[in-house]
Structures are given as structure tokens and as C-alpha cells.
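>>> Generate coordinates for the sequence data below:
(chains A and B)
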Amino acid sequence: MKKLLTLGLVLIMVVTLFAGCGKEEEASAEIVKIGMLAPTSGDLAVYGQAVFNAGTMAVEEINAAGGINGATVELIHYDNEGDPTKSMTLFSKLVDEDGIVALVGPVISGTSLVVGPLAEEAGIPMLSPTATNPDVTPGLDYVFRACYIDPYQGRVVAKFASENLSAKTAVIFKNVSNDYSIGLADAFESAFAGDMLAIEGYTGEDNDFNAIIAKIADMKPDVIFLPDYFNVVGLIAKQLNEAGVEATLLGGDGWDGIQGDYVEEVEGAFFANHYATTDESEIVQNFITSYEEQFGEVPNALGALAYDATKVMAEAIKEAGSTDGAAIKDALAKTDIDAVCGHITFDDNGDTVKAISIITITNGELELEDKVSE
Amino acid sequence: MTQFINQIINSLNIGSIYALIALGYTMVYGIVRLINFAHGEILMIGAFIGYFLAVTFNMSLIPLLLLSMIGCAIIGMIIDRVAYKPLRKAPRISALITALGMSMLLSNFFRWRFGASDKIMPEINLIGNIPMPNITIITVVITFMCMIGLQYVITRTKTGQAMRAVSEDKGAAQLMGINVDKTISITFAIGSALGAVAGVLYAINYGNLEPYMGTMPGLKAFVAAVLGGIGIIPGAMVGGFAIGIIETFVKGYISSAWANVFVFGILIIVLIVKPTGLFGKNIKEKV
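Model (predicted):
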């Protein structure tokens, strides 16, 4: 009886083994599956939706141009809601059930930090279009990103505040439960040349900022740095205006999206971003035109980065000439192409360093103020 | 000094909202000995009703508030009917677990139906064409009006008398010819209507609403109710303002990151030092 059972089990194992093989070969012959994790619902839906739209658009363009070495590209996307735990589960699903060969995503730093090590372990090349936290890439060979990192961004905004705005005093509000916010705040603090009057922390659940606003109102700072995502920034800006605080507001790329609901609250503010829609260059304008045609709105910077990232990933798979993770990773490291958000090459960590566009909000419109680099 | 005055104003603002929610907790506890954890979600539903009325019908605050109160009162009664009434004779822990389940069901239902993205509350008039004055003043005034109204209902009306009787002794009240089920339903309705007021005011104050918006204020109002003495109505009012003051001053003078630590620290301290709360009296359990 026992022997029979063992035999049965072995048989089942052998059958499943072959079943797996057959499926894989079939898949790689016709379609190349690229995974994507983006928060298309929830607080960050504005980001996730732009990333998903731009990624889809890039894939359509690639397929229209003949695909990757004859194979059609399929983008498999799951909504991770910006949640680290969900991202881990969904990444496993992408790898185990869907059999992706590479990942474009996740979008925000918090989720990229947890998915990175999993991608390394699974040998799946991961290219986050938009995760700006410095800790996302170091030590992980398979993890790359298409954007610049937080400390660089924070330093450039601080430099802009001191040199272009002649700011002497500053206050920072930082979200102590968010890695992105902390990273930017620390970099700004270390690089700001004037007096740092106060650094106020709040948590992700806070809706009521009146208490910390009352605290800093008397200090009359020249600038207030708000390194958080646009929906929180909008709430803080609204409450700052209601309290009559007149400081110039500054922010990072998390502000992209503020043009939707909160544009009146941040009139006259400045923030760092990856690209400007008013940029004249052909590649930028082509991208904006076709995105507008398809989705009826001007793409935000996250869309632009996702478009770049998807193209870069497809190019790397083409160069590698196979769907083997290690080969794609090596090809990715040698990337050298012009993209919407500037020229892309990767350093040893898998990071890019590019010039930063400083955007200002004038009469409810986003305008390119300056291009700054260190 | 200006900061101090501003912080007092901020405390009154958020404290009013906590007090309104705490009243709902306390009334329901007083009458059926149930901590209705779904009460935070009533706040969220009230805010959503307000939002849809403002967006669709461009309604001003006063009619919007009244409709939202009526809507939440009905939903509150339905929740009681569906989820709690069948468990009236079951052990208290069963009803408590049901309340937690109800809370999750409601917030996730709204998340599924309307998405998790923030909705932006539009600017609305006070009534007719009269624009909204300072929202803090409106919040505090409406809160006090609700409290006075509630106090009147409870002390001066037949319904209020019935509610007090049921909360003292359900069995005896029934023998005296009071319709206990109806009284409980009314309690849920009034508590939920107050929750709706809190929700609408919260959404207008902070400008945005989402399906999980009720969780944190709900928990803090629960602490407020315990602080004042759960089941005691003046206790909930005082507790609400006390929590508002503590939270705001910790944010203003210590750090935002510590605010929740202090608020929930109070819950622990109250439970250890004086479990009956500030206004509570020790009543010997009848054996």
C-alpha cells in the first residue's frame, strides 16, 4: 500500500513537472509577459492610473513596431493600492501564476522597498519608474529605477530655496510614517543654507494640521517645505491658507497631481519634478500628444517615467535576446537611451542621475521655472 | 499667546466632533450595554450622504445636515435591527464581535462601491444664499445646539423617560408597559443622527472624505466616552472636549507623532485608575 502511494505521488510530481515546462516554452515563443504593480485605486490612484496608462501606451507602441524580436509584449497589471503587504502577495502572483519575465514597478518607495528583495530572490529584473527612496536599489543587482533619488531631490530644492528665492528661514512638515517624506525632509534639512526654525512631524492618519500650523505661524518662515504626496499637501496647504500663513510652499515630485483638486491652495508654490509639459523637445511633445489623444488629459511626471521605464525594459529584453532574468538584467545595466525625462544610463546601484525641473504654479497652471542640478 | 488661543480654538473644533461621536457610543452603551464599534462608520456614511447632496443638488449646510441626519438615523436603526437585535439575549461578547464585523463591512462596502480615493467636499453655503461663516464657530454652535436638544429629549419627553427607564432596568421597564424594542431603535436613531452631524462637519472642516475616515475619530471618541464614563451623557460631552484639548495641545507643544500615544494612553490610565470614568458612580451589581 505504502509503495503504491509513493509511486502515485512520484507520478503526480513528474506530470506536474512536465506540465510546467510545456507551458513555459509555449509562453516564451509567442508572448513576453511584463508585470506591473501600480496603485490604480486609493489615495495614490492618480499616480497609479498615470503609470498604468503610460505603460499600456508604451506596450502598444512596442507591439505596433513589431514587438520584441517578433514576440508580442503583454503587460500584466495588478492594483497594489500602494500597500506593501499587498504588493508582496501580488508580486508572487505575477511570478508564480502569470510567469512574468520582468517587472515595471512598483510605483511608490514604500512598496518598492519590499518588492525589491523579492525580485532579487526570484531573479526577475525590476525597474521601478518612480521609487525615489535611496534604499531601493543598493545591494540588489536586479533592481533599477528610472527616476532620481530623494536626497538629490531634497538637496536641489534646498539649493533652489536659498539661491533663487533667497530664503533665510524655513520650516519642514514631514510625514514620519512615510519613507519618502522622511528622506526628502532629511536631505532638505542638511542642504538648506539658512535657519531651520522647526521640523514638525505628523503621521499618515492625520487630517487635522491646525495644531502644528498654529505652532509655526508666529515664526513667520520664508519657506515651508512639504515633502509629501499631493493629497496630503493639498490638505496642509488649505489649512495653512485658512490660518493666514504667507510663506512660500516648496515640495518634491510627490506634488505632481496637485493640479487636480488643490491647485488654488498652492498658487505661487514651487516643486521639483521629473519633466515639464512645457519642455519643447520632440520626444516630450510626441509623448504628450499621443497620451492626450488616448486618455484625454496631460500626462503627469509619473506617467512620463512609466513610459520611459516600459520602453527601457523592452529594449533590454530585446538586447538580451532571451527571457532569462540574468541576461535581461545585464542588458538593462548597459542601457543608454534618450527618454522623455532625460537621458537614461544606470550607475552601479541601478540609479539614474538627471537634471531636475523646478515647476511653479502660476494662475492655476504648472510652468517650468528652471532646470537645476547639483 | 496667539498660539495658545489658536490651539484652544482648534481643540474646541475637533473636540466638538469627538463629543458628538462619543454621545452615540454612550447612548447605545447606556441602553443595551453594547459598544457599537460601527459608530465610526456612521460618521463616514453621514459625510458621504452630505457629499453627494452637496455635489448633486448643490445643497446648503442646514438642509444637507438634516437629510444626512435622517439618512443615518434610518441606517442606524437598520443596523440594530439586522445585526444586534437577534443577539439581544446572547452573551455580550457576541454582540461586540458583530459590531466589529459591521464596522468592517460598512467601510469596505463603501470602498468597493465608491473607491478608496479621496473625495473633495465642495464649498457650500450655510443656508440659501448666505455664505458659510467661520467653520469652527459653526461646528461649535451646531454641537452645542445638538447637546441642548439631546438633553431636552432625554429629560423632558416621554421618549427620553422611556430611554432612561430601559437603561436602568430593561425588565422592569417592560413590565411598566414601555416598548423596549422601539426605545432601543430610537436610541440608535438619535445616536446615528448625531454621528451624521459629526461626519458632515468633519468633512467640511478638513475638506476630504474616504471610506476609512471614520475609524480614527471613532476610536478617539470611544476613548472620550470611556473617559467621561461610558453610558453617561454629560460624560461623553466633557470627554469629547477633553480628548480634543489633549490631542491638540500634544500636537502643538510636544509633537504630532505623540498625539495618538497620549490619547490612547488615557484609555489605559482611565481603565486602571477609574474604570467608571470621570462622571461614573460605582453601582453594586445586583446578584
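
>>> Every contact and neighbour count from this point should use C-alpha atoms.
Noted.

>>> Next, residue A:40: secondary structure please.
Here residue A:40 is coil, with the state taken from DSSP: H, G, I helix; E, B strand; the rest coil.

>>> next one: the one 3 residues further on
Local secondary structure at residue A:43 is given as coil here, using three-state DSSP.

>>> quick one, strands of the stretch 51-200 of chain B?
Here the stretch 51-200 of chain B has its strands, by DSSP state E, counting those that start in this stretch, at B:119-120.

>>> In terms of secondary structure, what does the longest helix along chain B contact?
If you go by DSSP state H, chain B has its longest helix at helix B:2-32. Secondary-structure packing of helix B:2-32 (3 or more CA pairs under 8 Å, 6 or more residues apart in numbering or on different chains; DSSP states H and E): helix A:210-217, helix B:39-57, helix B:135-156, helix B:158-168, helix B:180-206, helix B:215-228, helix B:233-253.

>>> ok, the second one near chain A or not?
So the one you mean is helix B:39-57. No - residues of helix B:39-57 contacting chain A under CA under 8 Å from any CA of the partner chain: none, with a closest distance of 14.0 Å.

>>> Give the buried residues for that helix.
B:39-54 (16 or more other CA atoms under 10 Å in any protein chain shown).

>>> which residue packs closest to residue B:58, ignoring adjacent ones?
Taking CA to CA, 6 or more residues apart in numbering or on different chains, and ignoring the residues beside it in sequence, residue B:58 has residue B:124 as its nearest neighbour in space, at 7.5 Å.

>>> right, and the one you found touches residue B:131 too?
Yes - with contact defined as CA atoms under 8 Å, residue B:124 counts as touching residue B:131 (7.4 Å).

>>> right, and residue B:229 touches residue B:235 too?
Yes - at 5.5 Å, residue B:229 counts as touching residue B:235 under the criterion of CA under 8 Å.

>>> anything in contact with each of the two?
Counting by CA atoms under 8 Å, 6 or more residues apart in numbering or on different chains, the residues touching both residue B:229 and residue B:235 are B:277-279.

>>> list the buried ones in the helix or strand harbouring residue A:37?
Using DSSP states H and E, residue A:37 falls within strand A:31-38. Residues of strand A:31-38 classed as buried: A:32-38 (neighbour count, 16+ other CA under 10 Å).

>>> same thing with stretch A:256-275?
Residues A:256-259, A:262-275 are the ones in stretch A:256-275 that count as buried (16+ other CA under 10 Å).

>>> Of those residues, which belong to strands?
Judged by DSSP state E, strands contain the following of the buried residues of stretch A:256-275: A:270-273.

>>> quick one, phi psi at the residue in chain A that chain B sits nearest to?
Residue of chain A nearest chain B, by CA to the nearest CA: residue A:42 (4.1 Å). Dihedral pair for residue A:42: phi 90, psi -170, per degrees, to the nearest 10.

>>> Return the residues in contact with the nearest residue to residue A:139 once chain neighbours are set aside.
Computed as CA to CA, 6+ apart, the closest residue to residue A:139 that is not its neighbour in sequence is residue A:349, at 7.2 Å. Neighbour list for residue A:349: A:137-141, A:144 [criterion: CA under 8 Å, 6+ apart].

>>> Name the residues of chain A found near chain B, please.
Checking chain A against chain B by CA under 8 Å from any CA, the hits are A:41-45, A:176, A:200-203, A:205, A:207-208, A:210-212, A:214-215, A:217-218, A:231, A:235, A:261.

>>> Please check those residues and keep the buried ones.
Buried members of the residues of chain A next to chain B, scored by 16+ other CA under 10 Å, are A:41-45, A:176, A:200-203, A:207-208, A:210-212, A:214-215, A:217, A:231, A:235.

>>> Let me see the ranges of the strands in the stretch 251-374 of chain A.
Ranges of strands in the stretch 251-374 of chain A, per DSSP E, counting those that start in this stretch, are A:270-273, A:336-339, A:342-345, A:356-362, A:365-372.

>>> Low-confidence ranges, the chain, go.
Let's take chain A. A:1-5, A:7-29 (pLDDT under 70).

>>> To clarify, I was referring to chain B.
Using pLDDT under 70, the flagged stretches of chain B are B:282-287.

>>> for the strands of the stretch 251-374 of chain A, which one ends up most surrounded?
strand A:270-273 (a mean of 27; mean count of other CA atoms under 10 Å in any protein chain shown).

>>> that older thread, want to throw the ones in strands among the buried residues of stretch A:256-275 into JSON lines with distance to residue B:164?
What follows is these, written out as JSON lines (distance: CA to CA, whole Å):
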{"residue": "A:270", "distance to residue B:164": "59"}
{"residue": "A:271", "distance to residue B:164": "58"}
{"residue": "A:272", "distance to residue B:164": "61"}
{"residue": "A:273", "distance to residue B:164": "61"}
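
>>> show me what contacts residue 103?
I went with chain A, as the question did not name one. Neighbours of residue A:103 in contact, by CA under 8 Å, 6+ apart: A:34-37, A:124-128.

>>> Let me rephrase: I mean chain B.
With CA under 8 Å, 6+ apart, residue B:103 has these contacts: B:37-41.

>>> same thing with residue A:338?
residue A:344.

>>> Residues in a beta bridge with it, which ones?
residue A:343 (DSSP bridges).

>>> wait, isn't residue A:337 in contact with residue A:343?
Yes - here residue A:337 reaches residue A:343: they are 5.9 Å apart, a contact under CA under 8 Å.
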